[in-house]
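Asks: Have a look at this prediction, sequence included:
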Amino acid sequence: MSATRLRSEQPRAAVPQTLPRLLAGISPAGRPVTLEEHLDRYGALRRGRDLIDLVEASGLQGRGGAAFPTATKLRAVASRRGRAVVVVNGTEGEPASGKDKVLLRCVPHLVLDGAVAAAEAVGAREAFVAVADGATAEAEAIAEAIESRRRRKLDGRVGLRLVAVPARFVAGEETALVQFLNGGPARPTFTPPRPFERGVGGAPTLVQNAETLAHIAQVARFGPAWFRRVGTPAEPGSALVTLSGAVTRPGVYEVALGSPLRDLLAQAGGAREDVQAYLVGGYFGTWVGAEAAAGLRLSEADVSLGARAIVALPSRACGLAESARIARYLSDESAVQCGPCVHGLGAIADALERLAAGERTDRRDRIERWVAAVRGRGACAHPDGASRFAASALEVFAREVELHLRQGRCGGSRR
């Protein structure tokens with residue numbers, strides 16, 4: 001990640017007036033911001049139960065993929081009886097995303113501030129920070145940040161604890177995290193009860209994405225009106241987007257929600273070769289053809305942003321082959337506990353692989369049938385996301401499918 005993309009032009013301890021917000025003050029070398037540097041920039045954290053009202057007024061929506069109203073989640077946990085628990089979801093199982101890793105590695109105290117503020121707002125005294133097993137740099141940054149805060153007695157009665165979670169796609173689903181913290185496998189569970197009703201240790205539990213908590217820390221300091229200065233009325237604030245593929249400078253960028261995709265591409269130096277399509281939302285997202293993407297805004301009103309990971313697919317690549325690869329990955333990452341995942345996703349991946357390999361049997365009707373059959377039928381959203389992705393592949397790469405059926409290939413390469 002270049003210094004240009006991470007540089008802050010704001011004076012220290014000033015309210016951020018422009019972007020970047022979350023990425024302000026990150027070291028050009030990418031080292032973690034120290035506690036002293038963090039406090040020098042932001043000052044003391046405003047804490048208290050009125051945080052929920054501030055977050056509600058800000059309109060902040062979750063940045064983990066579902067875009068659920070954050071205040072609603074906070075209030076649901078706060079309204080339950082018993083001592084609550086907070087879980088920071090920093091697992092980031094989405095292969096195309098790196099935004100949460102950047103936050104955990106570079107500005108860990110901003111995430112931890114949000115966790116502590118949320119814990120105090122819902123009446124929790126314990127917050128787990130879940131990081132994927134193998135994310136060494138992120139785990140080390142968080143561990144050091146927790147220790148430095150403990151030495152300063154910064155977090156009052158809230159205890160912070162780092163936990164390593166298996167590095168699997170479904171392990172970051174909130175019920176999977178709860179089950180893992182309760183001593184079970186990191187697999188989604190059938191609900192109800194939801195975590196806010198009975199989660200870690202049977203307590204009401206708030207599971208919140210790392211980026212969402214970083215935003216909470218800033219709303220607590222600067223207020224909802226400040227938060228709404230960027231974005232749209234329906235989708236206020238900024239968001240981190242991971243941009244990869246055929247762009248000049250891949251990386252994590254902070255953008256105002258509602259911004260045109262072309263503005264993000266310009267920040268990244270533009271495309272480094274012709275692009276035929278963009279995968280918007282990561283592996284649970286959808287393909288958008290280059291022509292349609294020309295007017296696309298980074299808004300849920302235009303397209304489901306999911307984990308806010310965007311991949312630019314070059315024209316030289318075979319979109320069908322790339323879709324088959326991702327479909328197989330999603331099938332293999334199933335928790336293997338529901339029929340729609342075990343059988344349906346495997347059948348969809350197999351059919352896409354056969355089409356990509358040049359088998360002349362037209363399997364599109366079967367794929368569409370399987371997509372409809374698995375949608376909404378799993379213990380979690382895994383079959384929904386995978387089926388949505390597959391459906392978009394058939395639509396956007398219809399020409400490639402026809403070429404494969406007629407002549408065994410489309411001329412594109414495998415990435």
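Replies: Perfect, I can see it now. These figures come from a predicted structure and were not determined experimentally.
Asks: quick check: domain ranges of this protein?
Replies: Domain ranges of the chain: 3-227, 238-314, 319-407, per automatic domain parsing.
Asks: Switch those over to JSON lines; also include distance to residue 413, mean pLDDT and mean neighbour count.
Replies: For glycine as for every other residue, the C-beta is placed from the backbone atoms N, C-alpha and C. Below are the domains of the chain laid out as JSON lines (distance: least, C-beta to C-beta, whole Å; pLDDT from 0 to 100; neighbours: other C-beta atoms under 10 Å):
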{"stretch": "domain 3-227", "distance to residue 413": "19", "mean pLDDT": "92", "mean neighbour count": "20"}
{"stretch": "domain 238-314", "distance to residue 413": "9", "mean pLDDT": "97", "mean neighbour count": "20"}
{"stretch": "domain 319-407", "distance to residue 413": "8", "mean pLDDT": "91", "mean neighbour count": "20"}
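Asks: quick one, strands of this structure?
Replies: Ranges of strands in the chain, per DSSP state E, are 84-90, 124-132, 159-165, 205-209, 238-245, 251-256, 275-280, 286-289, 309-314.
Asks: could the ones you listed go into CSV alongside distance to residue 44?
Replies: As requested, the strands of the chain are exported to CSV (distance: least, C-beta to C-beta, whole Å):
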stretch, distance to residue 44
strand 84-90, 20
strand 124-132, 18
strand 159-165, 17
strand 205-209, 22
strand 238-245, 23
strand 251-256, 24
strand 275-280, 39
strand 286-289, 43
strand 309-314, 34
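Asks: Go through these and name the closest to residue 73.
Replies: For residue 73, the closest of the strands of the chain is strand 205-209, at 6.5 Å, according to C-beta to C-beta.
Asks: The closest one packs against which elements?
Replies: In terms of contacts (3 or more C-beta pairs under 8 Å, 6 or more residues apart in numbering; DSSP states H and E), strand 205-209 is packed against helix 70-78, strand 84-90, helix 108-122, helix 174-181.
Asks: Now tabulate those in JSON lines and tack on distance to residue 131.
Replies: Shown next, in JSON lines, are the helices and strands packed on strand 205-209 (distance: least, C-beta to C-beta, whole Å):
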{"stretch": "helix 70-78", "distance to residue 131": "21"}
{"stretch": "strand 84-90", "distance to residue 131": "5"}
{"stretch": "helix 108-122", "distance to residue 131": "10"}
{"stretch": "helix 174-181", "distance to residue 131": "11"}
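Asks: Ok, which of these comes nearest residue 218?
Replies: helix 108-122 (7.5 Å).
Asks: Hey, what's the angle from that closest one to strand 84-90? Just curious.
Replies: Orientation of helix 108-122 against strand 84-90 (axes from the mean of the first three to the mean of the last three C-alpha atoms, to 10 degrees) gives an angle of 150 degrees.
Asks: ok now helix 108-122, how far from the chain's centre?
Replies: 18 Å (C-alpha atoms, centre = their mean, to the nearest Å).
Asks: rewinding a little: out of the strands of the chain, nearest to residue 27?
Replies: Nearest to residue 27, of all the strands of the chain, is strand 251-256, at 14.4 Å by C-beta to C-beta.
Asks: circling back: so which of the helices and strands packed on strand 205-209 is nearest residue 231?
Replies: Closest to residue 231 of these, according to C-beta to C-beta: helix 70-78, at 13.9 Å.
Asks: Which strands or helices does the closest one pack on?
Replies: helix 51-58, helix 108-122, strand 205-209, helix 210-222.
Asks: The strands of the chain: which one's closest to residue 389?
Replies: Per C-beta to C-beta, nearest to residue 389 of the strands of the chain: strand 286-289, 6.5 Å.
Asks: C-alpha coordinates for the closest one, CSV please?
Replies: Provided in CSV are the C-alpha atoms of strand 286-289 (Å, rounded to 0.1, in the frame of the first residue of the first chain):
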residue,chain,number,x,y,z
THR,A,286,-22.1,-10.1,-8.4
TRP,A,287,-20.4,-9.5,-11.8
VAL,A,288,-21.1,-6.2,-13.5
GLY,A,289,-20.1,-5.8,-17.1
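Asks: So what's the gap between it and the chain middle?
Replies: Computed by C-alpha atoms, centre = their mean, the separation of strand 286-289 from the middle of its chain amounts to 18 Å.
Asks: which strands and helices sit next to that strand?
Replies: Counting by 3+ C-beta pairs under 8 Å, 6+ apart, strand 286-289 packs on strand 275-280, helix 382-396.
Asks: Need the ones you listed in a markdown table (columns: distance to residue 43).
Replies: Below are the helices and strands packed on strand 286-289 laid out as a markdown table (distance: least, C-beta to C-beta, whole Å):
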| stretch | distance to residue 43 |
| --- | --- |
| strand 275-280 | 37 |
| helix 382-396 | 40 |
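Asks: With respect to residue 312, which of the ones you listed lies nearest?
Replies: That would be strand 275-280 among the helices and strands packed on strand 286-289, by C-beta to C-beta, at 4.7 Å.
Asks: could I get the helices and strands packed on helix 70-78 as TSV with distance to residue 247?
Replies: Output for the helices and strands packed on helix 70-78, formatted as TSV (distance: least, C-beta to C-beta, whole Å):
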stretch	distance to residue 247
helix 51-58	31
helix 108-122	26
strand 205-209	24
helix 210-222	21
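Asks: Point out the one among these that comes closest to residue 99.
Replies: helix 210-222 (6.0 Å).
Asks: got the contact list for that closest one?
Replies: 15-16, 21-22, 42-43, 45-47, 51, 54-55, 58, 60, 62-64, 70, 88-90, 92, 99-100, 103-104, 107, 110-111, 113-115, 117-118, 208, 226-227, 237, 239-240 (C-beta atoms under 8 Å, 6 or more residues apart in numbering).
Asks: Check stretch 347-362 too.
Replies: Outside stretch 347-362, the residues touching it (C-beta under 8 Å, 6+ apart) are 318, 320-321, 323-324, 327-328, 330-331, 363-364, 366-367, 370-371, 374, 386-387, 390, 393, 401, 404-405, 408-409.
Asks: what separates that stretch from the chain centre, distance-wise?
Replies: Centroid separation between stretch 347-362 and its chain, computed with C-alpha atoms, centre = their mean, is 30 Å.
Asks: Equivalent analysis for stretch 56-75, please.
Replies: 14 Å.
Asks: got a list of contacts for that stretch?
Replies: Contacts of stretch 56-75 (C-beta under 8 Å, 6+ apart): 51-53, 55, 89, 94, 118, 121-122, 172, 196, 206, 208-209, 211-212, 215-216, 219, 223-224, 227-228, 233-237, 239-240, 281-282, 284, 300, 305-308, 381.
Asks: make it 7 Å
Replies: With contacts defined as C-beta atoms under 7 Å, 6 or more residues apart in numbering, stretch 56-75 is touched by 52, 55, 89, 118, 121-122, 196, 206, 209, 211-212, 215, 219, 224, 227-228, 235-237, 239, 284, 300, 306-307.
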